[in-house]
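In: one predicted model, sequence on top.
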Amino acid sequence: MTTAQAGTAQIAGEAARRRTFAVISHPDAGKSTLTEALALHAAAIEAAGAVHGKAGRRGVTSDWMAMERDRGISITSSVLRFEYGEVLLNLLDTPGHADFSEDTYRVLAAVDAAIMLLDSAKGLEAQTLKLFDVCRHRGIPIITFVNKWDRPGREPLELLDEVEQRIGLRPAPLTWPVGIAGDFRGLLDRATGTFTRFDRAPGGVKRAVEEVVAADRAAEEEGEAWTTAQEELALLDEIGATLDMDDFAAGKCTPVLFGAALPNFGVRALLETVCKLAPSPSPRLDVKGEPREVTAPFAGQVFKVQAGMDRAHRDQLAFIRVSSGRFERGMTLTHAPSGRPLATKYAQTMFGRDRTTLDTAFPGDVIGLPNSTGLIVGDTLYEKRPVTFPPIPAFAPEHFMVVRAKDNGRAKQFRRGIDQLDGEGVVQVLRSDVRGDQAPVLAAVGPLQFEVVAHRMEHEFNAPVNLDRMEYTTARVTDAESAATLAGRRGVEVFTRRLDGALIAVFVDKWRVQAVQREHPEVTLTPMLAAEAG
Ligand code: G4P
């Protein structure tokens, strides 16, 4: 084998053993707890609380984090990387609050699979539905985990029915609960027929002792609860609720597991399912629709730019998902949009809030590049063979504010701050000749995004701002010709999105959109990606 062939084989092998995924859930369904439980199994962390710094266990290291803590939301996101057997898992964290769903969307652009986490007492909730829609849009395969089975909740069959009826995803349970919610006995493995007994370990997330019991002994010991579970399983067999891998890959069928993240029960089975079923990185299509093989020279895409993560660093970090090739720290990459070379001497990996130097990375991995000015969300980076990946689409904004510097003497800081927040995708910045650059319009999916802008403009860029709410609620993408027709109409205004030059028409409400369309059927008004689940 030549050195080049050996290099290619290594990249293929490393890509094949990687699983890059995220957890989607409604706040409080147990995402942080599950993340810790998964990492504990993989022995990646020593104690619960290390990942998210819950309950102040790790203290507060920046104002930024203080804002998150006060509001009980997670704004910053990080990547957990851990090994389980031969498999290397990259778990990408997503912000929990609905107002930051655009951030979550970008993270979902960088994963190959998602765990849909449900609270057993609540089933599908608003935020889960919204995020599921994003997964469907991107064709991401979903593994479902029904959490909190240790306490009273709903009937398992009813929960499965809800998944099928409301989101059209065919559930295929891999494990099945024995005993009713609140009197939970354990989990039946559908493939082997064995029973894993639930033993409540006191005090938080621990690696649970999981006693595996043969079917006949379980039948004897669990009595009626066992019989009921068997009857339910027979029903599932009858209706064909079994896993079809093609349908799973196509996002039409979901393997379902039950468990409880807090006492860490059923989490090992989930981890093993991710290793076994979640796809490894596959060739990514570029803007021309051509696949970039995972063994091609390095290519990756910026899916997130995050600043102010830690006061000690006071920097910005661009997160890049590797699509192809081998990354080595120090190599020079090309920034596709500008053709400029980009040094990677300071490449990092993120573990929860900690960062360490990263020397090599393979497809599926996430690289952090600090202080790479000019990198914005969606940018492609490559080595040797040029490639450009399709942009990550923006959500349709529903809130609009005019932003002005409080102090005119700070125009420079103001511009720098707005440019930075625009590039990070914190908000979309819209401009128009009529309004001028001193008073651009900020567009957001959720109002909390404006709070982030106000906070950062003041504390990070030293340019406090005034924000004035506008009456608009609906945005459409338009073109120059249509913009001329729309100009001067009441309840409509056309802007140029600064980042990509797209023409965006904003309307007071959707009825105004319909009225314009009735009057001028020739105008182009393309809906943007909806943040609301349909
Ligand atoms: P999130 O990140 O999705 O918002 O949820 P998080 O993990 O913070 O969990 C929300 C609450 O649900 C927490 O309780 C957590 O302990 C609890 N929880 C998570 N998984 C399970 C489970 O399997 N069984 C039970 N019974 N509870 C679970 P909390 O009281 O709000 O917070 P904390 O003080 O325990 O951190």
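Out: Happy to help now that I have it.
In: buried set for stretch 478-487?
Out: Neighbour counts using 16 or more other C-beta atoms under 10 Å place Thr478, Ser482, Ala483, Thr485, Leu486 of stretch 478-487 among the buried residues. C-beta here means a position set from N, CA and C on the backbone, and glycine is covered the same way.
In: mean confidence score for that stretch?
Out: Per-residue pLDDT values across stretch 478-487 average out to 94.
In: gap between it and the chain center?
Out: Mean-position distance between stretch 478-487 and its chain equals 35 Å (C-alpha atoms, centre = their mean, to the nearest Å).
In: neighbouring contacts of that stretch?
Out: For stretch 478-487, contacts defined as C-beta atoms under 8 Å, 6 or more residues apart in numbering pick out Val492, Val494, Leu503, Ile504, Ala505, Val516, His520, Glu522, Val523, Thr524, Leu525, Thr526.
In: which residues does Val256 contact?
Out: Applying C-beta under 8 Å, 6+ apart, the residues contacting Val256 are Thr144, Phe145, Val146, Leu160, Val163, Pro171, Ala172, Pro173, Leu174, Thr175.
In: reformat those residues as TSV; add secondary structure.
Out: TSV is the format used below for the contacts of Val256 (DSSP: H, G, I helix; E, B strand; the rest coil):
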residue	secondary structure
Thr144	strand
Phe145	strand
Val146	strand
Leu160	helix
Val163	helix
Pro171	strand
Ala172	strand
Pro173	strand
Leu174	coil
Thr175	strand
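In: where in the stretch 1-150 of the chain is pLDDT low?
Out: Counting by pLDDT under 70, the stretch 1-150 of the chain has low-confidence residues at 43-77, 96-101.
In: quick one: the helices in it?
Out: Using DSSP state H, counting those that start in this stretch, the helices of the stretch 1-150 of the chain run over 3-16, 31-41, 63-71, 101-108, 126-138.
In: next, the angle from the last one to helix 101-108.
Out: Right, the one you point to is helix 126-138. Angle of helix 126-138 versus helix 101-108, following axes from the mean of the first three to the mean of the last three C-alpha atoms, to 10 degrees, is 40 degrees.
In: what's the answer for the first one, then?
Out: Interaxial angle of helix 3-16 relative to helix 101-108 (the same axes, to 10 degrees): 130 degrees.
In: tell me which strands and helices helix 3-16 is in contact with?
Out: In this structure, helix 3-16 packs against no helix or strand, with contacts taken as 3 or more C-beta pairs under 8 Å, 6 or more residues apart in numbering; DSSP states H and E.
In: the stretch 251-400 of the chain against the ligand: which residues are in contact?
Out: Residues of the stretch 251-400 of the chain lying near the ligand by C-beta under 6 Å from any ligand atom: Ala260, Ala261, Leu262.
In: in CSV: those residues, plus secondary structure, pLDDT and neighbour count.
Out: Formatted as CSV, the entries for these read as follows, by DSSP: H, G, I helix; E, B strand; the rest coil; pLDDT from 0 to 100; neighbours: other C-beta atoms under 10 Å:
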residue, secondary structure, pLDDT, neighbour count
Ala260, strand, 92, 25
Ala261, coil, 91, 26
Leu262, coil, 89, 24
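In: just put these in TSV and tack on distance to Ala439.
Out: Formatted as TSV, those follow (distance: C-beta to C-beta, whole Å):
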residue	distance to Ala439
Ala260	52
Ala261	47
Leu262	49
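In: what's the closest of these to Lys288?
Out: Ala261 (42.9 Å; C-beta to C-beta).
In: give the contact list for the closest one.
Out: Ala261 neighbours (C-beta under 8 Å, 6+ apart): Gly30, Thr33, Leu34, Glu36, Ala37, Asn147, Lys148, Val205, Val267.
In: go again using 10 Å as the cut-off
Out: With contacts taken as C-beta atoms under 10 Å, 6 or more residues apart in numbering, Ala261 has the following neighbours: 29-38, 117, 145, 147-150, 205, 267, 270.
In: sorry, back to before: which of the contacts of stretch 478-487 tops the neighbour count?
Out: With neighbours taken as other C-beta atoms under 10 Å, the top of the contacts of stretch 478-487 is Ala505, carrying 25 neighbours.
In: please enumerate the helices of the protein.
Out: 3-16, 31-41, 63-71, 101-108, 126-138, 156-167, 215-222, 224-238, 245-249, 267-277, 411-424, 448-459, 480-486, 510-519 (DSSP state H).
In: hey, C-alpha coordinates of the second one in PDB?
Out: Listed next in PDB are the C-alpha coordinates belonging to helix 31-41 (Å, rounded to 0.1, in the frame of the first residue of the first chain):
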ATOM      1  CA  LYS A  31     -31.500  16.900  28.100                       C
ATOM      2  CA  SER A  32     -28.800  17.900  30.500                       C
ATOM      3  CA  THR A  33     -29.400  14.900  32.700                       C
ATOM      4  CA  LEU A  34     -29.300  12.600  29.700                       C
ATOM      5  CA  THR A  35     -26.200  14.100  28.300                       C
ATOM      6  CA  GLU A  36     -24.400  13.500  31.700                       C
ATOM      7  CA  ALA A  37     -25.800  10.000  31.900                       C
ATOM      8  CA  LEU A  38     -24.500   9.200  28.400                       C
ATOM      9  CA  ALA A  39     -21.100  10.700  29.100                       C
ATOM     10  CA  LEU A  40     -20.900   8.800  32.400                       C
ATOM     11  CA  HIS A  41     -21.400   5.500  30.600                       C
END
